[in-house]
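K.L.:
need the 3D shape of this:
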Amino acid sequence: MPSATKPLTENQLHVLAALRAANAPLTAYALLERLRVWGFNAPTQVYRSLNRLVEVGVVHRLESLNAYVTCTDADHCTFGFTAFAICDSCGGVEELIDERFTASLAHLAKSHAFTPANATVELHGNCGQCADDRAPGCKSEQALPINDRNRIDE
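P.N.:
Predicted structure coming up:
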C-alpha cells in the first residue's frame with residue numbers, strides 16, 4: 001500500500017480509480033481519454049501517476065501489452081514477484097498469486113548468485129472461458145481487442 005509518509009496525490013487517486021473501474025488493462029492513452037473530465041490533458045500527467053502507483057505496488061505494468069492493471073493483492077506485491085495469465089482471445093488478465101512460485105523463483109535466482117529487483121511473468125494463451133472457441137461467458141465483448149502482436153488496439 002502507499003507509504004504513510006507520502007500519500008497519493010489527487011491525480012494518482014484519479015488514475016487508480018479509473019484502473020479499478022476498468023474491466024480490462026488500459027494503456028496510458030486510454031487512461032488519458034477517461035481522465036480528461038478531471039483535467040488531465042497530457043500523457044505526462046498519466047505517466048507520472050502510473051509510475052508512482054507502480055512504485056508503491058498498487059498497479060502493474062503489463063510489458064507485452066504496454067498497459068496497466070490494478071494489483072489483486074497489494075500486500076503480495078511487496079515481494080517483487082508477479083505473474084499474469086493474459087488471454088489472447090478476450091484480453092482478460094488474471095494476476096496469479098502463488099507463494100510456491102515466488103519461493104521457486106527466489107530459489108532459482110539465489111542458486112545462480114543473482115539478486116533480482118523484481119520479476120514479472122506474463123503467460124499468454126486462452127482463459128478457461130475462451131479455450132473452447134469463444135464459449136458462452138467469454139469476456140470478449142467487454143475487453144479491449146488485442147491484435148496479432150499482442151498489443152491492445154485503441
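K.L.:
in this protein, where is pLDDT below threshold?
P.N.:
Applying pLDDT under 70 to the chain flags the ranges 1-5, 74-80, 133-154.
K.L.:
one more time with 90, if that's ok
P.N.:
Within the chain, the ranges that satisfy pLDDT under 90 run 1-6, 23-24, 55-57, 71-82, 90-91, 97-103, 105-106, 116-120, 129-154.
K.L.:
centroid-nearest residue for this protein?
P.N.:
With distances taken as CA atoms, centre = their mean, V69 lies nearest the centre of the chain, 3.0 Å away.
K.L.:
the closest residue to A119 other than its chain neighbours and N11: what is the separation?
P.N.:
Leaving aside its sequence neighbours, A119 sits nearest to F81 (CB to CB, 6 or more residues apart in numbering; 4.8 Å). From N, CA and C alone the C-beta is placed, and that goes for glycine too. Going from F81 to N11 by CB to CB, to the nearest Å gives 29 Å.
K.L.:
can you show me the helices along this structure?
P.N.:
Taking DSSP state H to define them, one finds helices in the chain at 10-21, 28-35, 43-55, 99-111.
K.L.:
please report the distance of the residue nearest to A119 from T102.
P.N.:
Taking CB to CB, one finds F81 at 4 Å from T102.
K.L.:
neighbour count winner among the two?
P.N.:
Between F81 and T102, F81 has the larger neighbour count (other CB atoms under 10 Å), namely 21 against 17.
K.L.:
surely the more buried one meets A106?
P.N.:
Yes. Checked against CB atoms under 8 Å, the pair F81 and A106 is within contact range at 7.2 Å.
K.L.:
shared neighbours, those two?
P.N.:
By CB atoms under 8 Å, 6 or more residues apart in numbering, F81 and A106 have no common neighbours.
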